[in-house]
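[1] how would this look folded up:
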Amino acid sequence: MVLRISLIVAILASIGSLLVSHLQVAKKIAGLETTLSATQAQLAQTQSDLDQARADLQQKTDELDRTQRELDQTNERLAEMTRRANQQQARADRAEQDLNKTRTELTAAQRDLAAWKALGIPVDEVRNRLEELVQLHKAYTALEDENALLLRKVNELNDRLAIYELETPNPPPPMPGVKGKVVAVDPKWDFVVLDIGGKEGALQRGELLISRDGKLVAKVRIIRVEDDYCVANVLPEWKQADVQVGDIALY
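    Predicted coordinates for the structure are as follows:
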């Protein structure tokens with residue numbers, strides 16, 4: 001009987017212990033469920049905040065890209081406007097230069113016209129006068145050519161005369177200290193022009209030695225004397241080489 005009561009008491013104690021444990025576990029489970037719900041709510045809020053932050057970031061990124069595109073477009077428009085402005089400035093500069101040139105030409109034309117009017121020549125006759133000047137210039141050029149031809153003939157005759165003068169006993173006149181340079185050479189007629197004349201002591205029929213780099217090149221005889229220059233024939237028997245411009249002429 002006692003044993004049976006002990007067993008009943010033990011069973012009741014075990015049941016009470018189980019009830020207490022169950023109540024404690026249930027209480028903990030309820031606390032954990034409450035904590036889990038709060039954590040899930042915080043997680044949901046955090047996820048919502050994260051999604052909002054991502055959306056804001058995407059919006060800012062889109063705005064930044066749009067701003068960058070607008071900035072690039074603005075820079076392109078600015079570069080295009082700068083290029084056009086430079087072109088317009090260049091055109092304006094050229095136009096100003098053309099205008100200044102035209103003004104200068106107009107001033108010169110007005111000055112020339114005033115000069116013609118001062119001469120008492122009608123404007124209608126200016127072209128005729130200009131044509132007359134052209135014809136006179138052509139005639140002057142022809143006379144110069146004719147004079148050059150006559151001068152060559154004179155030099156040729158002087159050369160022939162010089163050959164006969166070589167046979168005369170008269171020696172060439174002395175010209176102490178006379179020194180100059182060859183400034184022109186005519187290889188066809190074999191005469192030279194020297195930069196010394198009567199002012200420097202050059203004399204008709206005077207003879208000078210022509211040298212280059214200290215070497216004898218030829219000997220010449222003066223056939224014509226002017227104040228500042230003279231013309232001389234190259235003596236064939238003394239010619240060692242062709243006379244050149246810049247050679248030294250020394251008595």
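
[2] quick check: A184 is in a strand.
    Yes - A184 forms part of a strand when assessed by DSSP: H, G, I helix; E, B strand; the rest coil.

[3] can you classify the closest residue to it other than its chain neighbours as helix, strand or coil?
    The shortest distance from A184 to any non-neighbouring residue, by C-beta to C-beta, 6 or more residues apart in numbering, is to V193 (3.9 Å). No exception for glycine: its C-beta is placed from N, CA and C like everyone else's. Under three-state DSSP, V193 falls in the strand class.

[4] residue contacts, V193?
    Neighbour list for V193: V182, V183, A184, V185, Y229, C230, V231, A232 [criterion: C-beta atoms under 8 Å, 6 or more residues apart in numbering].

[5] ok, those vs M175, which is closest?
    Distance to M175 across the contacts of V193 (C-beta to C-beta) is lowest for C230, with 10.4 Å.

[6] centre of the chain to the host helix or strand of A148, how far?
    In this structure, A148 sits in helix 126-165 according to DSSP states H and E. Between the centre of helix 126-165 and the centre of its chain there are 45 Å (C-alpha atoms, centre = their mean, to the nearest Å).

[7] other SSEs contacting that helix?
    Under the contact definition 3 or more C-beta pairs under 8 Å, 6 or more residues apart in numbering; DSSP states H and E, helix 126-165 sits against strand 215-225, strand 230-234.

[8] partners of the shortest one, with directions?
    So the one you mean is strand 230-234. Sheet pairing here is set by DSSP bridges, and for strand 230-234 it gives strand 191-194 (antiparallel), strand 215-225 (antiparallel).

[9] comparing those strands, which comes out most buried?
    Stretch with highest mean neighbour count among the strands paired with strand 230-234: strand 191-194 (a mean of 23; mean count of other C-beta atoms under 10 Å).
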